[in-house]
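Quick one, fold the following:
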Amino acid sequence: MAPTPTLLPRPVLVLLTTLALAVGALAGASPTSAVAQADAPWVSGQQVVGRTVTVNLDWDAVAGASSYDVWFSTAGPDTYPGLDPHKGIATVGGPHADLAGLTPGTTYCFAVVANGDGKGGGNGGPRSCKVTPPISRAVVPTALQTTAATFNVACGAKKNCNKGWKWKKRQKKVVADIGRVDADIMVFVEGHLAHKYGKKKRWIGKVMKKRGYALACQTQKSKKRKLFSQTAYVRTSEYAVVGKKQNSKGTRFTMFGDRDHGFCQALVQHLATGKQIAVGAVHLRDGKAAADGLRQQETKYVLDRVTSAFPGVPAVLLGDYNSHRGLDRRGQTDTPRLVMESAGFADAVDIAAQLTYPYLNSAHGFDTNPPRSSTWPTHVDRIFVSPGISVPRWDNIAVLAGGRYAAPMASDHNPVRATLYIH
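Got it, this is the predicted structure:
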């Protein structure tokens, strides 16, 4: 039982405080400064363990901190964990904590208090929130393990290609990032001119063919005008494209209304197991609250097209959804996620067992100082997977040097990749 504090009478307290300040001034000393506030932690891993979840938290170390108190709460992102009377508290010695026994499929928010010199105190830093994976998404290895990635290369039109840094400077960086991603399934968004603009040997189609990939689908408005705004490629040593004519027909629609936004679909077959997978390359409309309804309609359209064309087939829908969980706290709604979750799909970043750079926005707008997410991982570049697919790993392919992105940058988006176990 903790000892009861002894309260001093106010006149005595004032006298002692005055004497302490005087002695400090004579000695040339200053009062001990408070330990700096900790930044928001991030979830670097999460594992379903029986009927519970263990979450791995990391955060930036605070100078002078002797220990850290980790607050965790299910009160939701609008309640600071420290204000929740039912919060859990774990004390650790360094900038890492493993929190066991959490409830699956539940939103938890976390904050860190840095303690220094055994004095306690410090200020609780900003919170971060994460939904724990449901038991049904426990990572179980399967015969079909694959990697899938999406990369918005910001080259759907010439003005976009030369926004930020010119394409002739960015093109080589894009090719280098393709090599870093090295996924079995690769989706490109805003890539129309990237297929036929700049140095010819670095056109995306040529690069992918040289690296052993086949084009699985591309957006197109008509038979005469083929668009490469959204494309999906598969590694030919792993997959064969099934029914190319059927896949091509699946891309013809006018709902999205412009070159840069749209979708294509493909059915591919894994060579080693014979299992088929439906793949969708997606780019939804951008804009703020007024576009919520449009993105909802577009997501439902894409989902209905893929599931009706390939019923009962595991599906992976990748691309730039122009939406993220953080919108829910800014007067907007993450409508694509709501549509996908209603059909049993999950965002790979929500259910991944290991995560790399979840706190860095995948879309950074050519800012060399990496924008950080706080409350939610705010990624517009997303990989949604159907029921029966688990995700051992999710990676934001961010290349940092000295804490900054090197210029010129490949794009205003980082590639995002997920490792998938398909049942």
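
from here on, contacts and neighbour counts on C-alpha atoms
OK.

check which helix or strand covers L338.
helix 335-342 (DSSP states H and E).

can you pull the pLDDT of the most centrally placed residue in the chain?
By C-alpha atoms, centre = their mean, the chain has its centre lying nearest to H379, at 4.4 Å. The score at H379 is 94. That number is its pLDDT.

my guess is it contacts D334, does it?
No - between H379 and D334 there is no contact under C-alpha atoms under 8 Å: 11.2 Å.

what do the two both touch?
323-324 (C-alpha atoms under 8 Å, 6 or more residues apart in numbering).

picking that back up, quick one: contacts for the residue nearest to the centre of the chain?
323-324, 361-363.

Among the residues you listed, name the ones in helices.
Per DSSP state H, helices hold no members of these.

D58 - how many residues pack around it?
17 (other C-alpha atoms under 10 Å).

My read is that it contacts A40, right?
No - D58 lies out of contact with A40 (C-alpha under 8 Å); the separation is 9.0 Å.

Now do the same for the residue nearest to the centre of the chain: helix, strand or coil?
Under DSSP: H, G, I helix; E, B strand; the rest coil, the three-state class of H379 is coil.

What does it show for phi and psi?
phi -100, psi 120 (degrees, to the nearest 10).

Ok, G280 next?
With angles defined as degrees, to the nearest 10, G280 sits at phi -130, psi 130.

for it, which residues make a bridge with it?
Per DSSP bridges, the residues bridged to G280 are Q265, L317.

tell me the contacts of it?
G280 touches 232, 263-266, 302, 306, 315-318, counting by C-alpha under 8 Å, 6+ apart.

likewise T375?
Counting by C-alpha under 8 Å, 6+ apart, T375 makes contact with 40, 77, 126-129, 326.

quick one: which of the residues you listed is nearest to L400?
Minimum distance to L400 across the contacts of T375 is 19.6 Å, recorded for A40 (C-alpha to C-alpha).

Are we agreed that that closest one is in a helix?
No - A40 is assigned coil when assessed by three-state DSSP, not a helix.

how close does it get to F188?
32 Å (C-alpha to C-alpha, to the nearest Å).

Between those two, which is the more surrounded one?
Comparing A40 with F188 by other C-alpha under 10 Å, the one with more neighbours is F188, at 28 against 23.

is it fair to say that one lies in a strand?
Yes - counting by three-state DSSP, F188 falls inside a strand.

How confident was the prediction at T375?
At T375, the model reports a pLDDT of 88.

now A38
Predicted confidence (pLDDT) for A38: 90.

for it, what are its contacts?
So A38 contacts 59-62, 112-114, 123-126 (C-alpha under 8 Å, 6+ apart).

For the stretch 151-300 of the chain, which segments count as helices?
158-161, 167-181, 204-210, 244-249, 292-309 (DSSP state H, counting those that start in this stretch).

and of the ones you listed, who's closest to D395?
Nearest to D395, of all the helices of the stretch 151-300 of the chain, is helix 167-181, at 9.3 Å by C-alpha to C-alpha.

Run a quick neighbour tally on A353.
Neighbours of A353 (other C-alpha under 10 Å): 26.

Surely it and V49 touch.
No - A353 lies out of contact with V49 (C-alpha under 8 Å); the separation is 11.3 Å.

number of nearby residues for the residue lying closest to L144 once chain neighbours are set aside?
In this structure, L144 finds its nearest non-sequential neighbour in I422, 5.5 Å apart by C-alpha to C-alpha, 6 or more residues apart in numbering. I422: 22 surrounding residues under other C-alpha under 10 Å.

Mind checking which of the contacts of T375 land in strands?
128-129 (DSSP state E).

Might you report the residue contacts of the residue nearest to I389 when sequence neighbours are not counted?
Nearest residue to I389 in three dimensions, chain neighbours excluded: I422, at 4.7 Å (C-alpha to C-alpha, 6+ apart). I422 sits next to 142-146, 314, 388-390 when contact means C-alpha under 8 Å, 6+ apart.

Equivalent analysis for V380, please.
320-324, 362-363.

Would you format these as TSV with neighbour count included?
Formatted as TSV, those follow (neighbours: other C-alpha atoms under 10 Å):
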residue	neighbour count
D320	28
Y321	24
N322	21
S323	27
H324	20
S362	29
A363	21
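
of the residues you listed, closest to W394?
Among the contacts of V380, S362 lies closest to W394 (C-alpha to C-alpha), at 12.2 Å.

do you know how far that closest one is from Y421?
From S362 to Y421 the distance is 23 Å (C-alpha to C-alpha).

got the residue ranges for the helices in the stretch 301-423 of the chain?
Under DSSP H, counting those that start in this stretch, the stretch 301-423 of the chain gives helices at 335-342, 348-351.

Of all these, which one is nearest T54?
Of all the helices of the stretch 301-423 of the chain, helix 348-351 comes closest under C-alpha to C-alpha, at 12.4 Å.

Now the closest one: average pLDDT?
Mean predicted confidence for helix 348-351 is 98.

Also stretch 273-284?
96.

For it, buried residues please.
Neighbour-count burial for stretch 273-284 flags 275-284 (criterion: 16 or more other C-alpha atoms under 10 Å).

Distance to K163 added to these, as a markdown table?
What follows is the buried residues of stretch 273-284, written out as a markdown table (distance: C-alpha to C-alpha, whole Å):
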| residue | distance to K163 |
| --- | --- |
| K275 | 41 |
| Q276 | 39 |
| I277 | 35 |
| A278 | 33 |
| V279 | 30 |
| G280 | 27 |
| A281 | 23 |
| V282 | 22 |
| H283 | 19 |
| L284 | 20 |
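
for those, which one is nearest D84?
Closest to D84 out of the buried residues of stretch 273-284 is L284 (37.2 Å), distances taken as C-alpha to C-alpha.

Any chance of the backbone angles for the residue nearest to that closest one when sequence neighbours are not counted?
Using C-alpha to C-alpha, 6+ apart and skipping residues adjacent in sequence, the residue nearest L284 is Y321, 5.0 Å away. The phi and psi values for Y321, taken as degrees, to the nearest 10, are phi -90, psi 0.

low-scoring stretches of this structure, by residue?
Scanning the chain with the threshold set as pLDDT under 70 gives 1-34, 117-124, 221-223, 244-257, 289, 329-330.

Could you check how many residues crowd around the nearest residue to V153 once chain neighbours are set aside?
Leaving aside its chain neighbours, V153 sits nearest to S411 (5.3 Å; criterion: C-alpha to C-alpha, 6+ apart). Each residue near S411 was counted by other C-alpha under 10 Å, and the total is 26.

going forward, begin numbering at 134 instead of 1
Sure, I'll start numbering at 134, so the last one becomes S544.

Fine by me, we can end here.
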